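Enquirer: from the sequence below, what's the structure:
(2 chains)
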Amino acid sequence: MASYFARRVFQGLLSIVGASLVIFLITRLSGDPVVLMLPPEAPEEVVRQVRESLRLDLPIWEQYLGFAWDALHGDFGRSYRWQMPALDLILERLPATLYLSVVALAFSMVIAVPFGVLSAVYRGSWFDRFAKGFAMLGQAMPNFWIGLLMIMLFSVKLGWLPAFGAGTPAHVIMPAIALGWYPVAAQTRIVRSAMLDVLDSDYIRMGRSVGAPERVLVWKYALRNAAIPLVTMQGVYFAAMLGGSFVVEVVFAWPGMGRTVVEALFSRDFPVVQAGVLFSAVVFVAANLLVDLSYGFIDPRIRHGR
Amino acid sequence: MAVEADVPAATAVRAGGRRFRVLAAGIPYLSGGLLLLLIVAAVFGDALTPHDPTLLNLRAAFMPPAWVEGGSWAHPLGADNLGRDILARIISGARVSLVVALWAIVLSGGIGALVGMIAGYFGGWADVIIMRLVDIQMSIPSLALALILAAVLDPGLDTVIIVIVVSYWAWYARLVRSEVLSLKERDYVALAKVAGCGPFTIFHRHLAPNIVNTMLVLATLQIGQVIIFEASLSFLGLGVQSPDISWGLMLADARGYITNAWWAITMPGVAIMLTCLSSNLFGDWLRDALDPRRRQL
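Expert: From the prediction side, this is the model:
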């Protein structure tokens, strides 16, 4: 058990180190940041000083070690544009993205759980197909387009919901639906297949034979067991939303991390980009790790395998 | 995003009425037909459109689709803010979408398959290094990685393809590796090795033919994802650049006059949606058709 945990944690750390290397190298590809930071007429002496302070005079591997060391201490450099530490900026925008992701995840579960349960109970019925179709639509429509359509309908035409910004609970509805529709397909499928397994199990048949009402059997006894895979997978979906909310946040001018990173990209504010992307990679790896560990905890076959 | 790996469940009809079975039997034709239409549009695009997709015609600006009051069959799906024909632009954008999707999938599939075969067949250090790279690749949210790459390289068609290849090769590598791992235990591979076949012959004669089907299914399912990916990048201004036409770029433009012309937002999105639905449905069907074990389900 301990060695399985240790191995997975080590793999996770390795992934994060690798991700930091990739991010570092890609942003270095973009050329000399000093050109962006200083006016072209800056004197030679100043340019040299700035280069030294950014370690640009060192060999590339030393630059990376310096970057990694600072990153470990939460120091990604200062945002060129906002004149504040890059990580602080990301963390300041994080709560808005967290809020959006939580509501989006809640939306997808509110759809996926009843859809999955009813699809399993009425397997092969028209409802099963309707649920599948609805889920498929969510995977076939780009999330920003869903957003634009909703803005057209609910903001421009009906005037029910604010088209952009944040502040009131009404602001979060449309971005959360746009972001939360995509995972509905996968989640419905998880619930459906888990329910099919559970509904076929001995204790449900037993319950049926002693005359327990079907409603209680399905929604109480079966769902409780079928929910295990769904709950364990939530970490991954949540992390994916956290890292994938770039476009939706831009469409709705949502003041979160994703939009901050996209804006930073356009102003070539690379410390902010590095901090934002590496942060979401860390969250992503951590979520996957937690899911794997919880599976290992629940199912002994996994931790003894390999 | 890890969830991207999820491919829609098989559309095989498990139970149910005859009527639906007939309907379901039409799905591969319908979705395959739509994909074919896309290819035709991409290949013969310019010959098919009545208008030049870049032609400005201010008198037709904001003209609605033909079936709406004020519309005209001269512009069946309406015109945008500069009076450019939306149908012509969608047909023209099909080429960009398809070129991007095909190149991206062929390249990422090719690289992924090669790397996955090496990892699976040779094992040892090659496997460890390659699978670590796959893990690293998958630990960075793909859109985030794509955004940085797109911002660093010069935006344009080539960049979009490179970005998608960088984000997608790992899926193929993982798939092919796991297939190879199980295939190489088979007797005929072991016998071929004993008979003195080199790794190249074994790849070529004994492994590749068994993997092609799985790859084909994944590739079909990914057409839709890649098109959404390209549209997202172009929408953010980091993908295809004007004057090239792409569905994502059309949506980005139309966002500027969202209050004036619903059709300019709706039509390109419908094109994306139909393409993705077709690729998902056709991929599902292909998977069931190519795998006899699933046909019975």
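Enquirer: quick one, what contacts the residue of the stretch 151-300 of chain A found nearest chain B?
Expert: Nearest residue of the stretch 151-300 of chain A to chain B: residue A:243, at 3.0 Å (C-beta to the nearest C-beta). Glycine gets a C-beta too; all of them are placed from N, C-alpha and C. When contacts are counted by C-beta atoms under 8 Å, 6 or more residues apart in numbering or on different chains, residue A:243 touches A:280-281, A:283-284, B:1, B:141, B:143-144.
Enquirer: shaky segments in chain B?
Expert: B:1-24, B:292-297 (pLDDT under 70).
Enquirer: now swap in chain A and tell me
Expert: Ranges of chain A meeting pLDDT under 70: A:1, A:30-33, A:35-37, A:296, A:298-306.
Enquirer: now with 50?
Expert: Along chain A, segments meeting pLDDT under 50 span A:306.
Enquirer: give me the three-state assignment for residue A:254.
Expert: Of the three states, residue A:254 takes coil under DSSP: H, G, I helix; E, B strand; the rest coil.
Enquirer: my read: it touches residue A:98, true?
Expert: No: look at residue A:254 against residue A:98 with C-beta atoms under 8 Å: they stay out of range, at 11.7 Å.
Enquirer: higher neighbour count, those two?
Expert: A direct count of neighbours by other C-beta atoms under 10 Å in any protein chain shown for residue A:254 and residue A:98 places residue A:254 higher, at 26 against 15.
Enquirer: contact partners for the more buried one?
Expert: A:96-97, A:100, A:164-166, A:175, A:245, A:248.
Enquirer: before we move on, the earlier item: can you tell me how far the residue of the stretch 151-300 of chain A closest to chain B is from residue A:253?
Expert: Separation of residue A:243 from residue A:253 (C-beta to C-beta, to the nearest Å): 19 Å.
Enquirer: do stretch A:65-80 and chain B meet?
Expert: No: judged by C-beta under 8 Å from any C-beta of the partner chain, stretch A:65-80 stays clear of chain B, getting no closer than 13.7 Å.
Enquirer: endpoints of that stretch, how far apart?
Expert: Start and end residues of stretch A:65-80 are separated by 22 Å (C-alpha to C-alpha, to the nearest Å).
Enquirer: now that stretch: buried residues?
Expert: For stretch A:65-80, a neighbour-count test (16 or more other C-beta atoms under 10 Å in any protein chain shown) marks A:67, A:71, A:76-80 as buried.
Enquirer: with secondary structure as added columns, please give those in JSON lines.
Expert: Formatted as JSON lines, the buried residues of stretch A:65-80 follow (three-state DSSP):
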{"residue": "A:67", "secondary structure": "helix"}
{"residue": "A:71", "secondary structure": "helix"}
{"residue": "A:76", "secondary structure": "coil"}
{"residue": "A:77", "secondary structure": "coil"}
{"residue": "A:78", "secondary structure": "strand"}
{"residue": "A:79", "secondary structure": "coil"}
{"residue": "A:80", "secondary structure": "coil"}
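Enquirer: which one of those residues is nearest residue B:198?
Expert: Nearest to residue B:198 among those is residue A:67, at 43.6 Å by C-beta to C-beta.
Enquirer: my read: that closest one touches residue A:20, true?
Expert: Yes: with contact defined as C-beta under 8 Å, residue A:67 counts as touching residue A:20 (7.4 Å).
Enquirer: quick one: contacts for the closest residue to residue B:137 other than its chain neighbours?
Expert: Spatial nearest neighbour of residue B:137, excluding adjacent residues (C-beta to C-beta, 6 or more residues apart in numbering or on different chains): residue B:170 at 4.1 Å. Counting by C-beta under 8 Å, 6+ apart, residue B:170 touches B:112, B:133-134, B:137-138.
Enquirer: what's the answer for residue B:285, then?
Expert: For residue B:285, the contact set (C-beta under 8 Å, 6+ apart) comprises B:11, B:27-28, B:31-32.
Enquirer: most neighbours of all those, which one?
Expert: residue B:31 (24 neighbours).
Enquirer: which ones among the contacts of residue A:243 map onto strands?
Expert: With DSSP state E as the criterion, strands contain none of the contacts of residue A:243.
Enquirer: any chance of a ChimeraX selection covering the buried ones in those?
Expert: Buried residues among those (16+ other C-beta under 10 Å), as a ChimeraX selection:
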select /A:280,281,283,284 /B:1,141,143,144
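Enquirer: check whether whatever helix or strand residue A:109 lives in contacts chain B.
Expert: Element membership for residue A:109, per DSSP states H and E: helix A:86-121. No: Helix A:86-121 stays clear of chain B (C-beta under 8 Å from any C-beta), getting no nearer than 10.3 Å.
Enquirer: show me what the helix or strand following that helix is packed against.
Expert: Moving toward the C-terminus from helix A:86-121, the next helix or strand (DSSP H and E) is helix A:126-140. Packing partners of helix A:126-140 (3 or more C-beta pairs under 8 Å, 6 or more residues apart in numbering or on different chains; DSSP states H and E): helix A:86-121, helix A:184-199, helix B:262-290.
Enquirer: returning to that earlier point: now the contacts of residue A:243 as TSV including distance to residue B:207?
Expert: Conversion of the contacts of residue A:243 to TSV gives the following (distance: C-beta to C-beta, whole Å):
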residue	distance to residue B:207
A:280	36
A:281	33
A:283	37
A:284	32
B:1	30
B:141	32
B:143	33
B:144	34
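Enquirer: which of the contacts of residue A:243 lies closest to residue B:197?
Expert: residue B:1 (40.1 Å).
Enquirer: tell me the spatial nearest neighbour of the residue most central in space within chain B, not counting adjacent residues.
Expert: For chain B, the residue nearest the mean C-alpha position is residue B:223 (1.6 Å; C-alpha atoms, centre = their mean). Spatial nearest neighbour of residue B:223, excluding adjacent residues (C-beta to C-beta, 6+ apart): residue B:279 at 3.9 Å.
Enquirer: ok, the one you found touching residue B:35?
Expert: Yes: using C-beta under 8 Å, residue B:279 is in contact with residue B:35, at 6.7 Å.
Enquirer: which of the buried residues of stretch A:65-80 sit farthest apart?
Expert: A:71 and A:80 (17.4 Å).
Enquirer: send over the host helix or strand of the residue of the stretch 151-300 of chain A closest to chain B as PDB, restricted to the C-alpha atoms.
Expert: Using DSSP H and E, residue A:243 maps to helix A:223-244. These are the backbone C-alpha positions of helix A:223-244, laid out as PDB (Å, rounded to 0.1, in the frame of the first residue of the first chain):
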ATOM      1  CA  LEU A 223     -27.800   5.000  -6.400                       C
ATOM      2  CA  ARG A 224     -25.700   5.100  -3.200                       C
ATOM      3  CA  ASN A 225     -23.400   2.400  -4.600                       C
ATOM      4  CA  ALA A 226     -23.500   3.500  -8.100                       C
ATOM      5  CA  ALA A 227     -22.400   7.000  -7.100                       C
ATOM      6  CA  ILE A 228     -19.000   5.800  -6.000                       C
ATOM      7  CA  PRO A 229     -17.300   6.000  -9.400                       C
ATOM      8  CA  LEU A 230     -19.100   9.300 -10.100                       C
ATOM      9  CA  VAL A 231     -17.900  10.900  -6.900                       C
ATOM     10  CA  THR A 232     -14.300   9.700  -7.400                       C
ATOM     11  CA  MET A 233     -14.300  11.000 -11.000                       C
ATOM     12  CA  GLN A 234     -15.400  14.500  -9.900                       C
ATOM     13  CA  GLY A 235     -11.900  15.500  -9.000                       C
ATOM     14  CA  VAL A 236     -10.800  15.000 -12.600                       C
ATOM     15  CA  TYR A 237     -13.700  16.900 -14.100                       C
ATOM     16  CA  PHE A 238     -13.300  19.700 -11.700                       C
ATOM     17  CA  ALA A 239      -9.600  20.100 -12.500                       C
ATOM     18  CA  ALA A 240     -10.400  19.900 -16.200                       C
ATOM     19  CA  MET A 241     -12.900  22.700 -15.800                       C
ATOM     20  CA  LEU A 242     -10.400  24.800 -13.800                       C
ATOM     21  CA  GLY A 243      -7.900  24.500 -16.600                       C
ATOM     22  CA  GLY A 244     -10.400  24.600 -19.500                       C
END
